[in-house]
Structures are given as structure tokens and as C-alpha cells.
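Novice: generate a structure from the sequence data that follows.
(chains A and B)
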There are 2 protein chains.
Amino acid sequence: MTKPAFIAVDWGTSSFRLWLIGEDGNILAERRSGEGMTTAAQAGFANILQAHLDAISAPLDLPVIVCGMAGARQGWVEAGYIDTPTSLAAILTGAVVVPGQSRDVRILPGLAQRAKDAPDVMRGEETQLLGAIAADAKGEQIVCMPGTHSKWVRVVDGRVTGFSTFMTGELFDVITKHSILSHAVAGAADMPADTTAFEAALKAAFEKPQLVTNLMFTARSGQLLHGTTAAGAQALISGTLIGAEIAGALSSAGQGAAITLVASGRLQTLYEEAFRSLSLPYQTIDADAAVRRGLSAAAEAIWLKNESKS
Amino acid sequence: MTKPAFIAVDWGTSSFRLWLIGEDGNILAERRSGEGMTTAAQAGFANILQAHLDAISAPLDLPVIVCGMAGARQGWVEAGYIDTPTSLAAILTGAVVVPGQSRDVRILPGLAQRAKDAPDVMRGEETQLLGAIAADAKGEQIVCMPGTHSKWVRVVDGRVTGFSTFMTGELFDVITKHSILSHAVAGAADMPADTTAFEAALKAAFEKPQLVTNLMFTARSGQLLHGTTAAGAQALISGTLIGAEIAGALSSAGQGAAITLVASGRLQTLYEEAFRSLSLPYQTIDADAAVRRGLSAAAEAIWLKNESKS
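Specialist: Predicted coordinates for the structure are as follows:
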């Protein structure tokens, strides 16, 4: 039986994921819950972590490495930011020890881009990035990490030169829940996805991103005039936002470099469909595996650097 | 004392405005309330109208001309749409009589653009347009009617050739209320407007509208990294959405024609500031006066066509 080496935690705004990692690098146990930063700020970060550690009978001396919103100002302990441009390995040096814990718990910092005209921040994605990009990678890479706030990162010779956040996921959420378009998408959850409508909207917004707030309204006018279905309206809103995101990201990053998509599940499917439709070459790295690899790299660098690596 | 000639009503989604118009065209009485379509669909359109008519002691035989969402499918009586391209005068022919009323009540239709790739609708703004544009106007005009759903209309020789809706006002509303940016703007209502931030965001989004969902996020990252104020964040979101709207509208309509802004109050100030910042020539027509003029033109065409006009 493999000996446990450390605990890896990805603690986001609305989700908590924990893995018990063995000395051979394999996953020995896993926990997932909705106890993200928002819940934890009320219930207590230490309590939630302890309950999950108890549930997997984690050895008392095992250290814990954490990334994500637990390190935000409103989180557990503020872990600050490493400024771009930077090597990804630099985030390891910024890990902050959570005081008053019986075991060694450390939170990784985020990345900050302090340019006056393009300030930007990430927290959690830098660890995914660390796991997705080989430290000795040569040349230019464009990394797309879709989500509530999609992050597009430009990496040159293993260094992060800049990044941009697009509010795609959150805008989709507030628009389909709180705007007049909520009526247009009512019932879409019970229908199969409309990939034709998604691709048409994606291409329209990619070609004319200046029309993004106009194209979304056609989800309503199309329903009034042409009987667009709820699934069609939902696909139209999603395709419009993603098309504009890709147009914007590539206008900043340049279209030359290959795209590395770091995603899982439904977002992986959507963005792969988007890149294929737009004939943009890409490779996919699983987001879950990437964040685990990033956390493991951090744990090894912090605690195991004098030992032989698995 | 001038004799009353008719009642003009602009009945929107969330507002009700009524004017008693005299034979000389002047306003003899006015009523304003928040009893828009949403309220009226519950309380009853006839009841609300009657209460306002009673409050100004309107003569029993006086006819009522209505524009706006009262004519929507979810409204009082559906008044349908006139299809573009169309002369503005054509909306007069589509007025629908409300059945079962003791007086003559008619609701004006909206406009529909049925193009498969750019379906669009308006309801209420067509009447503003009728009041803003002279029927015998020559050449091309671009009309901007900002609001919850901003409408940009291209008029050539007095005919509406096409139009586009931008969800600017509603997006500003749902984003500042329901997204993570709600924290960034908290307290902005108590601060003076930040016109410098508005103009900077406006120009950035006008020049790079493909970055609209990225630029908005800088309201948050700018607050985290540079201490942007709540008023600055609010101005940034507003400027970004309006800058993208103008870029999109002019990319469809062409930049040659002069812009006619039909607006009042705060929106008039914001859009005038936007056009000045972008060095776009414009003229302003008061939105209240325009809708009243449009309703009066309709009333005269329907009821007074055989009499001498005031």
C-alpha cells in the first residue's frame, strides 16, 4: 500500500475539491463539495477542511497545499499575488502558511497583471497553468481556461507574459437568469443542446464581436418572429459570448500560436466545438488533472525537494 | 380655454405616461406613474387607464391613442408589427381598436425586422421616431434611442430601412446588480459620476469592442490592484457597454450619416458625452417631446384627418 504524501486542495468561490496524494503521485482518496469560499467564510475554513480530512482519515502530520479563492482577501488567509511577467515556478515561492493549524497548511498566491490600462488577476488558474505547461516549454503558447471568468494566458518560453479575463460564464449566468432573455431560455434545460444555433452564433460574434450586445437580443426577437426554441436561444447566447471571447482573446494574444485548452466536462465540449467551428488548432488538457499536477508540483517543491521525486 | 382633443399614452414595460392634448396641440394635463405593462397585466389595463382619466376629469367621449408594450402579446391587446423596410406613416394604418371600451381606444403597432440573420423588434420607439423624424426628410439619418434596450435606426428619405437593438441598459442593470461587479460598484450612487473613467472606458471599448467582456472585468481587477473607486467602476462598466454599442451600431449603419439622439435626462447627458468624446457629430431631440409628437401625429391621422390641423 502506497504511503500518503500530502493533501492537495483546490478551493474556489463555490467549490471545494480535495485529494489525498500518495508518495507515488497517485490519488488515494478524493472529496468534492459545494463548500467554496462563500460558504467557508461563514462556516469557517479550518472546520470545513478538518471535516473532509476526518472523512478520509488523513494522517495527522500530513501537510496540505491549497490554491484558489481561499487565498483571497475575503478568504482564509490572504496569499497575495505574484506579478507578471513571471515564471510559473515563482508562485511556489509565494505560498503562505496558515497560522495556528496543527498541521502544515499553505496557500498558493495568485497572479496579478498591474498594467494601468489592463489590470487583471487570477487565483487558482495559475496552479492549473503550472500543471498544464511544462516548465521547460519553448516558444509561445496561448492557454485558454474557460469558466465563470475565462482566463487566456500568453506563455513564452515557460514565462507568463500577460493574461486577460473574460466574464463569459458569469455573464451567461446573469443574462439567462435575470434579464428579459430568461423568458427566451425557459425550458432549455429539458431540451437537447442546439449545436447548429451555437455554431451560427459563435461565428457571427467571432466575425463581428462589436455586435455582441445586439446579437444576444436576437434570442428574444428570433423567438417573437421566427419561433426560435428555448434550446436555440440558450445556444445563441452561449455561442455569442464565447465567439466574442475568442475574438477578443486572439486580438490581444495574436493568432499565430497554438491554443492549449485547459477544461473538463461541459465546458471542454463547448470550447472544443468552438475551436473546431472556427478552424483554430488546439490541444486539450484536462482541467482537473492540471490543477492536481500543479498542486503536486508545489507540494514537491515545498516539502519534498530534498527527497527523491516519485 | 382650449378644448381637449385626445389623450396620448406611452405605456412601456415599467412606466405609464399620459397627456391630455388640446385642439391647439398643447398639453392640458399630464400623468406619470410606474404602472407599466408588468403592473397592468395584474391590475388590469382598463382600470389603470380609467383611474388616470378620472384624475384629470377627461371628457367621456375623448379618444385615446396608445403606444408601447400595452400592444405586446403579454399586453392589453396585441397590436402586431409593421415590417421593415417601411415608411413611418405606415404604423398609423396598423392601430388596433381595444374592444369593449366606452371610448375609442387604439394601440399603435411596433416595427419588426424579419431578416433571418438579424431579427429585431421595437414597440414604442417607432412612435418616438415618427415624432422625431420629419416624414418628408431627405437623405440618410441614423437615429439612436438609448434605454434598457437601445435602438439604432437607419432612415433613408423618411423610410426605415433597418434597425438594431443593443441590450446596453439592461446589461448594465443585471451586471451591476447580480454579478461579481456588484461589489465593485457598491456605494457609487452616493458619489459624483467619474466622467474621466467613463470616457476612458468608452474609448477603449469603441476601439476594441471585441474586448467588451474583458474590459468590464477591469472594474474588479482595477479595484483590487489600483484602488478604483465605486464611482470609477460604475463609470467603467457604463462606458464599456456604451462604447461597444456605438461601435456596433456604426459598423452596421455606416459612419457617414449624422446621428440623431432621441433621449432625455441622464441618458441624454451620457450619450451626448459619449458622442462628443468620440468626435461624432450629433443632434439631440427630446425623447418625451418626440413620443408626444408621434402620438399626436397618429391621433390627427386617425381622428382629425377631415378637420383642419392645429
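Novice: how much space between residue A:299 and chain B?
Specialist: Note on residue A:299: its distance to chain B, by C-beta to the nearest C-beta, to the nearest Å, is 27 Å. Any C-beta I mention is one placed from the backbone N, CA and C, and that applies to glycine too.
Novice: report the separation between that residue and residue B:98.
Specialist: Residue A:299 sits at a distance of 72 Å from residue B:98 (criterion: C-beta to C-beta, to the nearest Å).
Novice: contacts for the helix or strand that contains residue A:172?
Specialist: Secondary-structure assignment from DSSP states H and E places residue A:172 in helix A:168-178. Here helix A:168-178 makes contact (C-beta atoms under 8 Å, 6 or more residues apart in numbering or on different chains) with A:146-150, A:181-182, A:185, A:216, A:234, A:237-238, A:241-242, A:245, A:267, B:171, B:174-175, B:177-180, B:213.
Novice: tell me which residues touch residue A:94, please.
Specialist: Neighbouring residues of residue A:94 by C-beta under 8 Å, 6+ apart: A:79, A:80, A:81, A:82, A:108, A:109.
Novice: next helix or strand past whichever strand or helix holds residue A:262?
Specialist: In the assignment (DSSP H and E), residue A:262 maps to strand A:259-263. Helices and strands here follow DSSP H and E; after strand A:259-263, the next one along the chain is helix A:265-277.
Novice: and the angle for that next one with strand A:259-263?
Specialist: Relative orientation of helix A:265-277 versus strand A:259-263 (axes from the mean of the first three to the mean of the last three C-alpha atoms, to 10 degrees): 160 degrees.
Novice: so which bits of helix A:265-277 are buried?
Specialist: Residues of helix A:265-277 classed as buried: A:267, A:268, A:270, A:271, A:273, A:274, A:275, A:277 (neighbour count, 16 or more other C-beta atoms under 10 Å in any protein chain shown).
Novice: repeat that for stretch A:162-180.
Specialist: By 16+ other C-beta under 10 Å, the buried positions in stretch A:162-180 come out as A:162-172, A:174-176, A:178-180.
Novice: next: stretch A:226-246.
Specialist: A:228-246.
Novice: just those that are near chain B?
Specialist: The residues of these that also fall near chain B, by C-beta under 8 Å from any C-beta of the partner chain, are A:241, A:244, A:245.
Novice: contact partners for the last one?
Specialist: In other words, residue A:245. Taking C-beta under 8 Å, 6+ apart, we find residue A:245 in contact with A:150, A:166, A:168, B:213.
Novice: excluding its backbone neighbours, what's nearest it?
Specialist: Spatial nearest neighbour of residue A:245, excluding adjacent residues (C-beta to C-beta, 6 or more residues apart in numbering or on different chains): residue A:166 at 4.3 Å.
Novice: bridge partners for that neighbour, pull those for me.
Specialist: For residue A:166, the beta-bridge partners are residue A:150 (DSSP bridges).
Novice: need the pLDDT of it.
Specialist: Per-residue pLDDT puts residue A:166 at 98.
Novice: now swap in the one 5 residues further on and tell me
Specialist: We note a pLDDT of 97 for residue A:171 in this prediction.
Novice: any idea how far it is from residue A:71?
Specialist: Relative to residue A:71, residue A:171 is positioned 25 Å away (C-beta to C-beta).
Novice: in chain A, spot the helix with the most residues.
Specialist: The longest helix of chain A (DSSP state H) is helix A:230-253.
Novice: quick one: average confidence on it?
Specialist: The pLDDT scores in helix A:230-253 average 95.
Novice: now swap in stretch A:257-268 and tell me
Specialist: pLDDT averaged over stretch A:257-268 gives 93.
Novice: now do stretch A:4-15
Specialist: Stretch A:4-15 shows a mean pLDDT of 94.
Novice: same question for stretch A:282-294.
Specialist: Per-residue pLDDT over stretch A:282-294 has a mean of 95.
Novice: what residues sit buried inside it?
Specialist: So, applying 16+ other C-beta under 10 Å, buried residues of stretch A:282-294: A:282, A:284, A:285, A:286, A:287, A:288, A:290, A:291, A:292, A:293, A:294.
Novice: let's have the residues you listed in JSON lines, adding secondary structure and distance to residue B:155.
Specialist: Output for those, formatted as JSON lines (DSSP: H, G, I helix; E, B strand; the rest coil; distance: C-beta to C-beta, whole Å):
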{"residue": "A:282", "secondary structure": "strand", "distance to residue B:155": "45"}
{"residue": "A:284", "secondary structure": "strand", "distance to residue B:155": "49"}
{"residue": "A:285", "secondary structure": "strand", "distance to residue B:155": "52"}
{"residue": "A:286", "secondary structure": "strand", "distance to residue B:155": "54"}
{"residue": "A:287", "secondary structure": "helix", "distance to residue B:155": "50"}
{"residue": "A:288", "secondary structure": "helix", "distance to residue B:155": "55"}
{"residue": "A:290", "secondary structure": "helix", "distance to residue B:155": "54"}
{"residue": "A:291", "secondary structure": "helix", "distance to residue B:155": "55"}
{"residue": "A:292", "secondary structure": "helix", "distance to residue B:155": "59"}
{"residue": "A:293", "secondary structure": "helix", "distance to residue B:155": "59"}
{"residue": "A:294", "secondary structure": "helix", "distance to residue B:155": "57"}
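Novice: quick revisit: and the helix holding residue A:172, how far out from the chain's middle?
Specialist: Computed by C-alpha atoms, centre = their mean, to the nearest Å, the chain-centroid distance of helix A:168-178 equals 17 Å.
Novice: report the closest residue of the stretch 1-150 of chain A relative to chain B.
Specialist: Chain B sits closest to residue A:119 of the stretch 1-150 of chain A, with a gap of 4.2 Å, by C-beta to the nearest C-beta.
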